[in-house]
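A.B. asks: Sequence and predicted structure below; questions after.
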Amino acid sequence: MKRILSILLLCSAAVGWAQNDPHLLHGFGYDYSIGVPRNNAGQLFIGNGISYVPRYVKPFNNDMSVGVSLPVGAAFVQSMVTGAGAFGANYAVCVDFAAGMGSTQSSAKMLGVFFGLGLGSYDVYYFDIFGTTRDAHYGPYVQAGFRLPYYGQDVTVVLSNWRGINANNGRSQVFALKLIYEFF
């Protein structure tokens, strides 16, 4: 009897896994970022850039999933203190919990929400006649947002935060508002 129950359990787990296959979703869009220093040694900066967000999700059902996202981006950055121009690069590894639209490929909901935690970095590279200076804002990463349809395109609005733990730049943090067009 134990063998029959264990075989049935294994078969039902395999059938359940097959119905909710993991899949890759991705999006591309715009981000506006602001770096905020915690002391006077850091530089306040703003950035405009692009973002690409691949997501690997494992659905619980049609409207809920857990997954891993790898948001990456590049931006043109300007220091608000010195006015110097720079290049910004950001990346993170994040575990996301999503519900509703965009949580899975088969979701039929008209609104979706998500929340994610992970680790990431927002690096700013300042160029001048003396060379290149790197200002790294690495540490815990948090993102939250919602998804909605907009003229036939699925759009994600994301608020992200890199909480810097780098003592060299005054432990500043970076906030970014992203507008991502999803490709399901």
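C.D. replies: That came through, no problem. Residues are numbered from 1 along each chain as shown.
A.B. asks: And the helices in this structure?
C.D. replies: Along the chain, counting by DSSP state H, helices occupy 2-19.
A.B. asks: quick one: low-confidence parts of it?
C.D. replies: Scanning the chain for pLDDT under 70 picks out 1-20, 38-42, 167-170, 184.
A.B. asks: how much space is there between the residue positioned nearest the centre of it and residue 28?
C.D. replies: For the chain, residue 71 is the residue whose C-alpha lies nearest the centre (C-alpha atoms, centre = their mean; 4.2 Å). Distance, residue 71 to residue 28, using C-beta to C-beta, to the nearest Å: 11 Å. Glycine gets a C-beta too; all of them are placed from N, C-alpha and C.
A.B. asks: Also residue 121?
C.D. replies: Relative to residue 28, residue 121 is positioned 20 Å away (C-beta to C-beta).
A.B. asks: Among the two, which residue is more densely surrounded?
C.D. replies: With other C-beta atoms under 10 Å as the criterion, residue 121 and residue 28 differ in neighbour count, and residue 121 comes out ahead with 17 against 13.
A.B. asks: how far away is that one from residue 176?
C.D. replies: Plainly put, residue 121 is 13 Å away from residue 176 if you go by C-beta to C-beta.
A.B. asks: Verify the contact between residue 47 and residue 74 for me.
C.D. replies: No. With the criterion set as C-beta atoms under 8 Å, residue 47 and residue 74 do not qualify as a contacting pair; they are 9.3 Å apart.
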